[in-house]
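1. starting from these lines, generate the structure:
(one chain, ligands or ions: 1)
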Amino acid sequence: MKTVHVSTGKPYDIFIERGLLDSCGKLLRGLTQATRVTIVCDTNVAPIYKQRVQSSLLTQGFSVNTHIFPAGEQNKTLDTIASIYSSLADFRMTRKDVIVALGGGVCGDMAGFAAASYLRGIDFLQIPTSLLAQVDSSVGGKTGVDLPQGKNLVGAFHQPLAVLIDPDTLSTLPDEFMRDGMGEVIKYGCIKDAEFFEFLERENAFKRLEDVIEVCVKIKRDVVSRDEREAGERMLLNFGHTLGHAIEKLSGFGGITHGMAVAVGMVMIANIGEERGITEPGTAERIASVCKKYGLPTSTRFSAHELAQAAMGDKKTALGSISPVMLKRIGESLIRKTALEDFERFITVP
Ligand code: MG
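-> Residues are numbered from 1 along each chain as shown. Predicted coordinates:
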């Protein structure tokens, strides 16, 4: 088993092993005095994995409740959170009990936020089952829900008790979801690790998933432990996201997946960087090739004007400026702060 230790304010471990789902009860037993556990999962994940996780928890003497919510980003709402709270209260969960977030990013974000706020905060265990959640959203302690006005506008920083990653869960993922996760995987290479980027260029990442997950989780761990509350370095993880979020917004939530939008955002911002003399020439082309290799799009039909308008509505622009992450070269990233009024001009490439 691969173990990655995260030394945030409240330290925890990320365990990576095939088949780990069946020993989640034993692992959790070593981490808590809880008697009750509520598994939170969606209607897609429940029929595939709920039973295995439940059985593993029952063998360790936990009382187990399950709360299943309708799958989809459109259900990442306060209404779903309210239904989770009811389920926790009906099951008489106490402050020493544990929520298990079993599923993709949406599930982890919401179950995590329920854990951060129910009884002013209880423990939760992350069992991410999508590539995107395994390499990204399950690490770092960000939890939250969407509002009609935008994504993740309500939330809390709440570190999990542990993260259990079973790469076998990826074998049941539709191709579209694997591609989605690859957007973030490529991002890690771009911002921090040229060698890993070259590996993605050279090899078939899908054949080396355990290693890929470990590398990504370690990069995220390193960044997050140096900047737990996103005051500085952590912003580098937003490479490709300023324009990516704008594309997502313009496409309507659910119109394009997050990872695909990030792929387009990375290529675009690298291209802009080259035009502005910030990024080493040829970088955008390399990123585009890797994105294509893993089935990701590299361009969008939206204009610089539309993208700039959409990006300005993002919650991270509140301070009158916008700070896209740029690359110096593959593996080396920086934040380029731009005044809001200059942003459209900045992203317009002749
Ligand atoms: Mg992301």
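
2. for the rest of this, base every contact and every neighbour count on C-alpha atoms.
-> Will do.

3. do you have the strands of the stretch 201-350 of the chain handy? List them.
-> Remark: strands assigned in the stretch 201-350 of the chain by DSSP state E, counting those that start in this stretch are 321-322, 325-329, 332-335, 338-339.

4. highest average neighbour count across the ones you listed?
-> Mean neighbour count (mean count of other CA atoms under 10 Å) peaks for strand 325-329 among the strands of the stretch 201-350 of the chain, with a mean of 24.

5. what does the domain assignment say about this protein?
-> Domains of the chain are assigned by automatic domain parsing as 2-172, 175-347.

6. residues near residue 296, how many?
-> Applying other CA atoms under 10 Å, we find 22 residues neighbouring residue 296.

7. quick one: contacts for it?
-> 179, 180, 183, 260, 263 (CA atoms under 8 Å, 6 or more residues apart in numbering).

8. out of those residues, which is nearest to residue 40?
-> Distance to residue 40 across the contacts of residue 296 (CA to CA) is lowest for residue 180, with 22.5 Å.

9. that closest one and residue 264 touch, don't they?
-> No. Using CA atoms under 8 Å as the test, residue 180 is too far from residue 264 to be in contact (11.8 Å).

10. any idea how far residue 85 is from residue 79?
-> Residue 79 sits 10 Å away from residue 85, going by CA to CA, to the nearest Å.

11. who's more crowded, these two?
-> Using other CA under 10 Å, the more surrounded residue of residue 79 and residue 85 is residue 85, with 20 against 11.

12. low-confidence regions, the stretch 251-350 of the chain specifically.
-> 253-254, 314-319 (pLDDT under 70).

13. where do the helices of it begin and end?
-> Taking DSSP state H, counting those that start in this stretch as the criterion, the stretch 251-350 of the chain carries its helices at 258-275, 283-293, 304-312, 340-347.

14. buried ones in the shortest one?
-> Neighbour counts using 16 or more other CA atoms under 10 Å place 340, 343, 344, 346, 347 of helix 340-347 among the buried residues.

15. how close does the second one sit to residue 83?
-> Relative to residue 83, residue 343 is positioned 41 Å away (criterion: CA to CA).

16. the last one too?
-> The gap separating residue 347 from residue 83 is 42 Å, by CA to CA.

17. and for the first one?
-> Applying CA to CA, the value for residue 340 to residue 83 is 39 Å.

18. now swap in residue 190 and tell me
-> Per CA to CA, residue 190 is found 39 Å from residue 83.

19. before we move on, what about residue 136?
-> Note on residue 136: its distance to residue 83, by CA to CA, is 26 Å.

20. more neighbours: those two, which one.
-> Neighbour count, other CA under 10 Å: between residue 136 and residue 83, residue 136 has more, with 23 against 15.

21. so the more buried one versus residue 263, what's the distance?
-> Distance, residue 136 to residue 263, by CA to CA: 15 Å.

22. check the gap between the residue positioned nearest the centre of the chain and residue 247 for me.
-> Closest to where the C-alpha atoms of the chain average out (CA atoms, centre = their mean) is residue 137, at 2.5 Å. Using CA to CA, one obtains 20 Å as the distance from residue 137 to residue 247.

23. one more: residue 7?
-> 34 Å.

24. comparing those two, which residue is more hemmed in?
-> residue 247 (28 against 15).

25. my guess is the more buried one contacts residue 261. True?
-> Yes. Look at residue 247 against residue 261 with CA under 8 Å: they come within range, at 6.1 Å.

26. for residue 337, which non-adjacent residue is spatially closest?
-> In space, residue 337 comes closest to residue 323 once its chain neighbours are excluded; the distance is 4.3 Å by CA to CA, 6 or more residues apart in numbering.

27. same check, this time on residue 185
-> residue 216 (6.5 Å).

28. these two touch, right, that neighbour and residue 186?
-> No. Using CA under 8 Å, residue 216 makes no contact with residue 186, being 9.2 Å away.

29. distance between stretch 194-208 and the chain's centre?
-> Remark: stretch 194-208 is offset 20 Å from the chain centroid, using CA atoms, centre = their mean, to the nearest Å.

30. list the buried ones in it?
-> Buried residues in stretch 194-208, counted by 16+ other CA under 10 Å: 194, 196, 197, 200, 201, 205.

31. measure stretch 226-244 end to end?
-> With CA to CA applied, stretch 226-244 spans 25 Å between its terminal residues.

32. please apply the same query to stretch 328-344.
-> End residues of stretch 328-344 are separated by 21 Å (CA to CA).

33. ditto for stretch 22-37
-> 16 Å.

34. centre of the chain to the one helix or strand residue 178 maps to, how far?
-> Using DSSP states H and E, the element containing residue 178 is helix 175-192. Taking CA atoms, centre = their mean, one finds the center of helix 175-192 at 10 Å from the center of the full chain.

35. and that helix, what does it pack against?
-> Counting by 3 or more CA pairs under 8 Å, 6 or more residues apart in numbering; DSSP states H and E, the packing neighbours recorded for helix 175-192 are helix 131-132, helix 194-202, helix 209-226, helix 258-275, helix 283-293, strand 325-329, strand 332-335.
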